[in-house]
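Show me how the following folds:
(one chain, ligands or ions: 2)
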Amino acid sequence: MKANCWMGKKDVRIQDVPDPQILNARDVIVKITSTAICGSDLHLYNGFVPTMEKGDILGHEFMGEVVEKGEDVKNLEIGDRVVVPFPISCGSCFSCQRGLFSLCENSNPNAWMAEKMWGHSPAGIFGYSHLTGGFAGGQAEYARVPFADFGPIKVPEGLRDEQVLFLSDIFPTGYMGAEMCNIQPGDTIAVWGCGPVGQFAMKSAFLLGAERVIGIDRFPERLKMAREKVGAETINYEEVSPLDFLHETTGGRGPDACIDAVGMESHTPGAVYAYDRIKQSVMAESDRPIALREAIMACRNGGTVSVIGVYGGFIDKFPFGSVMNRSLTIRTGQCHVQRYTRPLLERIQKGEIDPGFVITHTMALDDAPYGYEIFNNKQDDCIKVVLKPHLSPSSRLLH
Ligand SMILES: [Zn+2]
Ligand SMILES: [Zn+2]
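Ligands and ions are numbered 1, 2, ... in the order given. From the prediction side, this is the model:
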């Protein structure tokens, strides 16, 4: 089959690779109809995540049709359309019993690597380095899905791929980011990063009852999407200081909660950026936490800082004094996707949200290297790329 493979920093290529096989009685093989490139794939693309190996198949946001199944998979039939959550979860271990699905204790065969780096291991993740299991990802024609009797969600008839694909990651991730803010009526929520996850965090903040939602970014097309599709206020941080703006428009108190939907490759004008960029480039600091620092400083006393942007290792100049002295709560985690798939599918069915609004580009799997390039460089107003692995070349859409 064809698959999009990581070949090195800023180098992904479509390669011919062996078809996936059923290895376990709880596996299914999915023929992938839609898959997406995620902002966190860019951390792999840009070489910030260790333990990637040449030839690794990328992609953790995918859906498709069940074409083969192991004998213990009783809840799915051949031909079912399914969306696959990005964390691989057994459904019955200590963590899964507590709904902490991205911390499944049974799905990371390379737990020892993660234990060395983080103390304990999280769950395995599709297409996301050997630290999280080295599983082949979904930017391919087919994928093997372990624990398929637990994680994947059957798509009801009448829903298009574009409406449900993001249940695999970014919609639940954004939703969890907002849910961790414990939003009360009248609350003001500020969101750093108006990429796809930030858009879903803002939209979810409204769904959960926020009165004001403020999106912070520097790309005009993302800020426009936040205003027009989500109804958020926006700040371009290259023009206006978020700290000043948030201070002034909340009576000097600050937002009730701040969401970091940026993560380890954040950017800011001025000297702090250069400081972090240099430290990161010489590996003296693995992550650049500029958005996180700002979210902490902006948040009102006693408020919540919710972190859904991805971090890999260590950060520098972390304002913990501000957290401690001002009674801030920090909540974070890789999304426990399986907790949210059903309730969020219901919201989609009720028409409360059509997650397809974030898609700016749809292309054939063969064009994945181009998709990574324009997404990484924010060219052509690219916000979210969907790849179609089974498009015939003659019917290729590129919009
Ligand atoms: Zn993702
Ligand atoms: Zn588990």
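
Which residues lie in contact with whichever residue of the stretch 51-200 of the chain sits closest to ligand 1 in this structure?
Of all residues in the stretch 51-200 of the chain, Asp169 sits closest to ligand 1, at 3.8 Å by C-beta to the ion. C-betas here are computed from N, CA, C, even on glycine. Taking C-beta atoms under 8 Å, 6 or more residues apart in numbering, we find Asp169 in contact with Cys38, His60, Glu61, Pro85, Phe86, Cys335, Val337.

Find the residue closest to Glu373 in space, skipping its chain neighbours.
Using C-beta to C-beta, 6 or more residues apart in numbering and skipping the chain neighbours, the partner closest in space to Glu373 is Gln379 (7.4 Å).

ok, how many other residues are close to that neighbour?
Number of residues near Gln379 (other C-beta atoms under 10 Å) recorded here: 10.

measure it to Phe314 for me?
Distance, Gln379 to Phe314, using C-beta to C-beta, to the nearest Å: 32 Å.

Run a quick neighbour tally on the residue of the stretch 151-300 of the chain found nearest ligand 2.
Residue nearest to ligand 2 within the stretch 151-300 of the chain: Gly151 (10.0 Å; C-beta to the ion). By other C-beta under 10 Å, the residues close to Gly151 number 26.

got the phi/psi numbers for Leu246?
The phi/psi pair for Leu246 (degrees, to the nearest 10) reads phi -70, psi -40.

Test my guess that it contacts Arg212.
No - under the criterion of C-beta atoms under 8 Å, Leu246 makes no contact with Arg212, lying 10.4 Å away.

Show me which of these two is the more surrounded one.
Leu246 (26 against 17).

Look at the more buried one and report its pLDDT.
pLDDT recorded at Leu246 is 98.

on that earlier part again, okay if I get the contacts of Asp169 as JSON lines plus secondary structure and pLDDT?
Below are these laid out as JSON lines (DSSP: H, G, I helix; E, B strand; the rest coil; pLDDT from 0 to 100):
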{"residue": "Cys38", "secondary structure": "coil", "pLDDT": "96"}
{"residue": "His60", "secondary structure": "coil", "pLDDT": "97"}
{"residue": "Glu61", "secondary structure": "strand", "pLDDT": "98"}
{"residue": "Pro85", "secondary structure": "coil", "pLDDT": "98"}
{"residue": "Phe86", "secondary structure": "coil", "pLDDT": "98"}
{"residue": "Cys335", "secondary structure": "coil", "pLDDT": "97"}
{"residue": "Val337", "secondary structure": "helix", "pLDDT": "98"}
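
low-scoring stretches of the stretch 151-300 of the chain, by residue?
For the stretch 151-300 of the chain, residues meeting the criterion pLDDT under 70 lie at 265-288.

can you do 50?
Scanning the stretch 151-300 of the chain for pLDDT under 50 picks out no residues.

Which residues of it lie near ligand 1?
For the stretch 151-300 of the chain, the contact set with ligand 1 under C-beta under 5 Å from the ion comprises Asp169.

show me the contacts for the residue of the stretch 151-300 of the chain closest to ligand 2.
Going by C-beta under 8 Å, 6+ apart, Gly151 touches Val84, Pro85, Pro87, Ile88, Ser89, Gly91, Phe101, Val145, Val337, Gln338.

and with 10 Å instead?
Neighbour list for Gly151: 82-91, 96, 101, 104, 107, 145, 168, 337-338, 341 [criterion: C-beta atoms under 10 Å, 6 or more residues apart in numbering].
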